[in-house]
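Student: I'd like to go over a predicted model; first the sequence, then the structure.
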Amino acid sequence: MGSEGPKSVVVHVSGFKKFQGVAENPTETIVSNLRGFVEKRALPAGLKLGSCDVLETAGDGARAALYKAMESGISATDSKSHEQVVWLHLGVNSGAVKFAIERQAVNEATFRCPDELGWQPQQQPIVPEDGGTSRVRETCCSTEAILKILKKKGYDVAISDDAGRFVCNYVYYHSLRFAEERCHKSLFVHVPLFSRINEETQMRFVASLLEAIAATC
């Protein structure tokens, strides 16, 4: 009695622009082309692709832009209580040969090189009011279930407990905090360079990832 039926899922996706050592970020290409790709593929009922944003590869200097993107992304969906909102962030690991689902982010910014706006923090808390740099926030997405679905589809993917301490971890920590405050979910996934796994395979992987997220919400 009183059931509203299954909850629909809206996934907002972000990627990053270039940064030191990576002149062409695959996540910029993926996110820029994702809407057209999934429209041809057709997403399953109950799953919607929300906003698709490409972020500056920067921490503190780009924080306002990150929050603006997230706030604008939910303006149309946040009022609908039957919709589960998920934030999916894609980043590149230039040394990786497989996809990695990041289980958590740490409240520490220690950048190995300056970000694209010249900021290079060392052992600095991302959100000082959260306490020290050992504070960890974990995703409430079902990472093991998502992994199982993706592996069954033939993708080379693993779960990681270390998103690094660079911009990927910085954005993920803020997103997890933002999501928790609004009863949303957040997930970060690292992808390899296109020279390791080609663009077509990565596009199919992200489309499958969207479906896996929806299936496990």
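Tutor: Received it, and whenever you're ready, just let me know what you need. Numbering: from 1, shown residues only.

Student: residue boundaries of the strands in this structure?
Tutor: 8-16, 47-55, 83-92, 99-102, 104-106, 136-138, 157-160, 185-191 (DSSP state E).

Student: Mean pLDDT, mean neighbour count and distance to residue 28 added to these, as TSV?
Tutor: Where you see a C-beta, it was placed from the backbone N, CA and C, and this is true even at glycine. Output for the strands of the chain, formatted as TSV (pLDDT from 0 to 100; neighbours: other Cβ atoms under 10 Å; distance: least, Cβ to Cβ, whole Å):
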stretch	mean pLDDT	mean neighbour count	distance to residue 28
strand 8-16	97	23	5
strand 47-55	96	19	5
strand 83-92	96	24	9
strand 99-102	98	22	17
strand 104-106	98	23	21
strand 136-138	98	16	26
strand 157-160	98	17	21
strand 185-191	98	25	11
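
Student: For those, please prepare CSV with the additional fields distance to residue 125.
Tutor: Compiled in CSV, the strands of the chain are given as follows (distance: least, Cβ to Cβ, whole Å):
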stretch, distance to residue 125
strand 8-16, 22
strand 47-55, 21
strand 83-92, 20
strand 99-102, 19
strand 104-106, 10
strand 136-138, 12
strand 157-160, 22
strand 185-191, 19
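
Student: need the contact list for residue 109.
Tutor: By Cβ atoms under 8 Å, 6 or more residues apart in numbering, the contact list for residue 109 reads 59, 60, 121, 124, 125, 126, 165, 169, 170.

Student: swap that for residue 34, sorry
Tutor: 13, 49, 52, 203, 206, 207.

Student: go with 7 Å
Tutor: When contacts are counted by Cβ atoms under 7 Å, 6 or more residues apart in numbering, residue 34 touches 13, 49, 52, 206.

Student: Okay, the third one and residue 183: tell me how far apart.
Tutor: According to Cβ to Cβ, to the nearest Å, residue 52 and residue 183 sit 22 Å apart.

Student: Any chance you could spot the residue sitting in the middle of this structure?
Tutor: For the chain, residue 89 is the residue whose C-alpha lies nearest the centre (Cα atoms, centre = their mean; 1.5 Å).

Student: Skipping its backbone neighbours, what lies nearest it in space?
Tutor: residue 188 (4.6 Å; Cβ to Cβ, 6 or more residues apart in numbering).

Student: hang on, isn't that neighbour packed against residue 102?
Tutor: Yes: assessed by Cβ atoms under 7 Å, residue 188 is found in contact with residue 102 at 4.2 Å.

Student: Now the common contact residues for those two.
Tutor: Here residue 188 and residue 102 have 163, 172 as joint contacts, going by Cβ under 7 Å, 6+ apart.

Student: Just give me the longest helix of this structure.
Tutor: Longest among the helix segments of the chain by residue count, using DSSP state H, is helix 199-216.

Student: Output that helix in PDB with nothing but the alpha carbons.
Tutor: Coordinates of each C-alpha in helix 199-216 appear next as PDB, following Å, rounded to 0.1, in the frame of the first residue of the first chain:
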ATOM      1  CA  GLU A 199      37.800   4.900 -27.100                       C
ATOM      2  CA  GLU A 200      34.900   2.700 -28.300                       C
ATOM      3  CA  THR A 201      35.500   0.100 -25.500                       C
ATOM      4  CA  GLN A 202      35.600   2.900 -22.900                       C
ATOM      5  CA  MET A 203      32.400   4.500 -24.200                       C
ATOM      6  CA  ARG A 204      30.700   1.100 -24.000                       C
ATOM      7  CA  PHE A 205      32.100   0.600 -20.500                       C
ATOM      8  CA  VAL A 206      30.700   3.900 -19.200                       C
ATOM      9  CA  ALA A 207      27.300   3.100 -20.700                       C
ATOM     10  CA  SER A 208      27.400  -0.300 -19.000                       C
ATOM     11  CA  LEU A 209      28.500   1.400 -15.800                       C
ATOM     12  CA  LEU A 210      25.500   3.700 -15.900                       C
ATOM     13  CA  GLU A 211      23.300   0.600 -16.300                       C
ATOM     14  CA  ALA A 212      25.100  -1.200 -13.400                       C
ATOM     15  CA  ILE A 213      24.600   1.800 -11.100                       C
ATOM     16  CA  ALA A 214      20.900   1.900 -11.800                       C
ATOM     17  CA  ALA A 215      20.500  -1.800 -11.400                       C
ATOM     18  CA  THR A 216      22.100  -1.700  -8.000                       C
END
